[in-house]
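Student: Mind folding the following:
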Amino acid sequence: MSDAPESLVQVRNLHKVFRRGSERIDVLQGVNLDLAQGEYLSLMGPSGSGKTTLLNLIGGLDTPSDGSVTVSGDRIDKMSGGKLSRWRSRHIGFVFQLYNLLPVLTAERNVDLPLLLSPLSRAQRKKHVATALAMVGLSDRAKHYPRQLSGGQEQRVGIARAIVTDPTLLLCDEPTGDLDRRSGDEILELLQALNKEHGKAIIMVTHDARAAERASRTLYLDKGMLVNEGVDA
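Tutor: A predicted model of the protein is given here:
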């Protein structure tokens with residue numbers, strides 16, 4: 001693969017090994033991957049193939065056993081501690097299958113959480129939160145608690161929280177896996193709009209072929225290796 005400067009993400013010869021007692025588990029085995037600026041990529045494969053592990057390595061939530069991960073020109077596999085946390089807060093927005101909202105906080109306060117690490121004033125944070133909630137169509141639910149929202153609305157809050165810092169890259173781990181078809185389609189349409197209208201680069205892990213069709217490209221992981229590449233949508 002090319003190391004062209006327009007690549008937002010460059011993964012090279014990536015290995016991840018876990019040990020369970022004396023057993024060695026090779027979760028990723030020499031993965032190479034490029035993601036262009038503004039690209040929407042889906043990752044598919046059977047359970048245990050390493051999709052979430054790869055997502056966590058690209059997002060700086062885990063460190064590789066070998067190989068390199070470069071995002072927006074930064075070698076994040078060489079970072080650690082506070083430097084990596086600060087980098088992640090600037091560059092990465094995470095969207096989880098189970099939303100990960102704090103039930104004791106309103107929608108707007110859940111969205112505000114990533115901004116607490118920023119130098120923004122309270123008034124500036126409030127403006128960013130309002131913008132993010134408007135982008136996901138939930139301005140009228142800002143004062144609602146998660147228990148007062150539907151599953152689809154909770155995921156929209158999760159997406160608003162992911163984009164409130166204007167991150168370089170959105171990483172979505174089964175974002176529709178806990179939703180009914182209609183709510184899932186609405187979330188996929190929202191992600192597609194964030195990609196096409198706002199230029200957000202997205203990597204989405206999914207088991208759903210219909211969800212993967214929304215992306216511009218699909219890659220398949222099997223037993224820790226990229227086995228083939230889907231054609232452009």
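Student: In this protein, where's the longest helix?
Tutor: helix 181-198 (DSSP state H).
Student: can you pull out the helices in the chain?
Tutor: Counting by DSSP H, the helices of the chain are 51-58, 81-91, 107-112, 122-135, 151-163, 181-198, 209-212.
Student: Mind exporting the C-alpha coordinates of the longest helix of the chain to PDB?
Tutor: Only the C-alpha atoms of helix 181-198 are listed here, as PDB (Å, rounded to 0.1, in the frame of the first residue of the first chain):
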ATOM      1  CA  ARG A 181     -34.100  -1.800  11.800                       C
ATOM      2  CA  ARG A 182     -35.800   1.600  11.500                       C
ATOM      3  CA  SER A 183     -33.700   3.200  14.200                       C
ATOM      4  CA  GLY A 184     -30.600   1.600  12.800                       C
ATOM      5  CA  ASP A 185     -31.300   3.000   9.400                       C
ATOM      6  CA  GLU A 186     -31.700   6.500  10.800                       C
ATOM      7  CA  ILE A 187     -28.300   6.200  12.600                       C
ATOM      8  CA  LEU A 188     -26.700   5.000   9.300                       C
ATOM      9  CA  GLU A 189     -28.200   7.900   7.400                       C
ATOM     10  CA  LEU A 190     -26.800  10.300  10.100                       C
ATOM     11  CA  LEU A 191     -23.400   8.800   9.800                       C
ATOM     12  CA  GLN A 192     -23.600   9.000   6.000                       C
ATOM     13  CA  ALA A 193     -24.500  12.700   6.300                       C
ATOM     14  CA  LEU A 194     -21.600  13.400   8.600                       C
ATOM     15  CA  ASN A 195     -19.300  11.800   6.100                       C
ATOM     16  CA  LYS A 196     -20.700  13.300   2.900                       C
ATOM     17  CA  GLU A 197     -21.800  16.700   4.100                       C
ATOM     18  CA  HIS A 198     -19.300  17.400   6.800                       C
END
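Student: Could I get the buried residue list for it?
Tutor: 183-188, 190-191, 194-195 (16 or more other Cβ atoms under 10 Å). To be clear about C-beta, it is placed using only N, CA and C from the backbone, and glycine gets the same treatment.
Student: ok, now stretch 29-36?
Tutor: For stretch 29-36, by 16+ other Cβ under 10 Å, it's 31, 33-35.
Student: Same check on stretch 111-123?
Tutor: 111-112, 114-115.
Student: Now the terminal residues of that stretch, how far apart.
Tutor: Stretch 111-123 has its terminal residues 14 Å apart, counting by Cα to Cα, to the nearest Å.
Student: How about stretch 208-217?
Tutor: So stretch 208-217: terminal residues 14 Å apart, Cα to Cα.
Student: Let me see the mean pLDDT of it.
Tutor: Average pLDDT, stretch 208-217: 93.
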